[in-house]
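**Student:** predicted model, plus sequence, below.
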Amino acid sequence: MPSKMTHQTNMVEKRLNSLQCELKDYEQVMQLMNENMKKGLKEQPDISADLKMYITYVRSLPNGSEVGKFLALDLGGTNLRVLLLELIDGQVLLKSSIYSIAENTMIGPGKELFSHIAACIQQFVEREGLENEDLPMGFTFSFPCKQFGLKKSHLVNWTKGFKCDGVEGEDIVTLLHNAIAEQKLLVRCVAVINDTVGAMVACAHLDQDCQIGIILGTGTNACYMENTTKIEKWREDNTIRQHGEGVIINTEWGAFGNNGCLDFITTEYDKAVDQMSKNPGEQIYEKMISGMYLGEVARQVLVKLIQDGILFKGHLSNRLRTPMAFYTKYLSEIESEEEHELDNLKQVLDELHVMEYSLTDCVIVRRVCEAVSTRAAYLAAAGVAALLERVEKSFVTIAVDGSLYRYHPTFHSKMTDMIGQLLPHRKFRLKLSNDGSGIGAALVAAISTQMTIATLA
Ligand code: GLC
């Protein structure tokens, strides 16, 4: 007779089975990612190509010689950050303020969103006594944008829970400048970048091997330095191509899988998460990896185990029944402590109003969190491996930013491990790019204004 514990463990493993992919699955993900990237760079990108591979127009990386005072704006999650950065001798002095974006602003009219942003800039410049300074500003706008130049960037579609009317298809800089003009501010936006580009540029400021930027936060995405000769859809100055110069490509890899190519690994839990999201059928890879969704994937598994009668004696608390109530930070908190220390886990169960639980229940909850986060780290690793194959350098630093990567205890080591398994011959390192979004925007603003000055001179 199997013991009760063995029976429970077996049932849990059965439920987790679909989340545990094998090395060959990750190899396939890497290969599919590679194929999709190539399709996205074609002269006439295949409409079914999930990876849009947007050209960012960022062609040079900083070299530490950038100087000056810049403003930066960082919008990409539930907060807006306004920063003042001073670049001196390779050093960055930074002051910043965080302003929250209310849920109804995230889904309200676009005009209100941009007025709110301008009002926050105004508050910030007043606080810093900069009202009369004509400062160039870099804007990190972390959504899929088709760029037509450094300061011409059209939002293609919203992601990560944003859905403001009247912004999709529009030029972000025009919308921002209109709102700034209404506030009668002196600020002018000289560059719009994605947060991946910010992470990469900020890291490259001090590390010349940095060729890839990754975000693992509310959403996930990657950018990398591509050789223009490999960009079939390049329609800009051909001399740049003849010289084999590079340009940063924003892959928008979160949308990988939208065409169904990841169906071979998606689970019933992923499908449930997708169905209840604000953008069903979109951002499939992102929904398996990033902070906005991982907690919900775990909750889906936990609810199944409760319904099976395996967990919490089959009792489902109202809180745990609520979509999005199991935060991704719970995964980080639970996995951060040793298995025998249950302080964080108990705190989480308390917040979820789970009153009665056994030691076995605690082991199961942790096991679920680990299965969900491990798959996420391995999937992200498969994406990075595909990029390393494109970059083809003997050693590459990958700049990584985002709360998931920063706070999860084993994300870094699991990613490193899986990249090593997928590409045993490649040398790389994953490096935290702290504050990348803001610093990167200021650096791109610096490079672009210094380039303009150089061209005028
Ligand atoms: C989403 C956005 C992308 C951004 C990423 C990380 O995937 O579409 O632009 O880089 O989130 O914030």
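**Tutor:** Thanks, I have it. Numbers count the residues shown, from 1 in each chain.

**Student:** tell me the domain ranges of this structure?
**Tutor:** 1-53+207-433, 57-193 (automatic domain parsing).

**Student:** and of those domains, who's closest to the ligand?
**Tutor:** Closest to the ligand of the domains of the chain, according to Cβ to the nearest ligand atom: domain 1-53+207-433, at 2.3 Å. In this view, the C-beta of every residue, glycine as well, is placed from N, C-alpha and C.

**Student:** now render the domains of the chain as JSON lines, adding mean pLDDT, mean neighbour count and distance to residue 450.
**Tutor:** Formatted as JSON lines, those follow (pLDDT from 0 to 100; neighbours: other Cβ atoms under 10 Å; distance: least, Cβ to Cβ, whole Å):
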{"stretch": "domain 1-53+207-433", "mean pLDDT": "94", "mean neighbour count": "19", "distance to residue 450": "17"}
{"stretch": "domain 57-193", "mean pLDDT": "92", "mean neighbour count": "18", "distance to residue 450": "7"}
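
**Student:** let me know which of those domains is the nearest to residue 201.
**Tutor:** Among the domains of the chain, the nearest to residue 201 by Cβ to Cβ is domain 57-193 (6.3 Å).

**Student:** the closest one and the ligand in contact?
**Tutor:** Yes: interface with the ligand: domain 57-193 contributes 76, 142, 143, 144, 159, 160 (Cβ under 6 Å from any ligand atom).

**Student:** backbone phi and psi for the residue positioned nearest the centre of the chain, please?
**Tutor:** For the chain, residue 220 is the residue whose C-alpha lies nearest the centre (Cα atoms, centre = their mean; 2.8 Å). According to degrees, to the nearest 10, the main-chain angles of residue 220 amount to phi -140, psi 150.

**Student:** excluding residues flanking it in the chain, which one is nearest it?
**Tutor:** Using Cβ to Cβ, 6 or more residues apart in numbering and skipping residues adjacent in sequence, the residue nearest residue 220 is residue 290, 4.2 Å away.

**Student:** and the one you found, what does it touch?
**Tutor:** 216, 217, 218, 219, 220, 254, 376, 402, 404 (Cβ atoms under 8 Å, 6 or more residues apart in numbering).

**Student:** specify which member of the residues you listed is nearest to residue 421.
**Tutor:** Using Cβ to Cβ, those come closest to residue 421 at residue 376, 16.2 Å.

**Student:** ok but the closest one is inside a helix, no?
**Tutor:** Yes: assigned with DSSP: H, G, I helix; E, B strand; the rest coil, residue 376 falls within a helix.

**Student:** roughly how far apart are it and residue 339?
**Tutor:** 20 Å (Cβ to Cβ, to the nearest Å).

**Student:** what's the answer for residue 94, then?
**Tutor:** 39 Å.

**Student:** ok, now residue 253?
**Tutor:** 33 Å.

**Student:** sorry, back to before: so which of the contacts of residue 290 is the closest to residue 35?
**Tutor:** For the contacts of residue 290, the nearest to residue 35 is residue 254 (17.2 Å; Cβ to Cβ).
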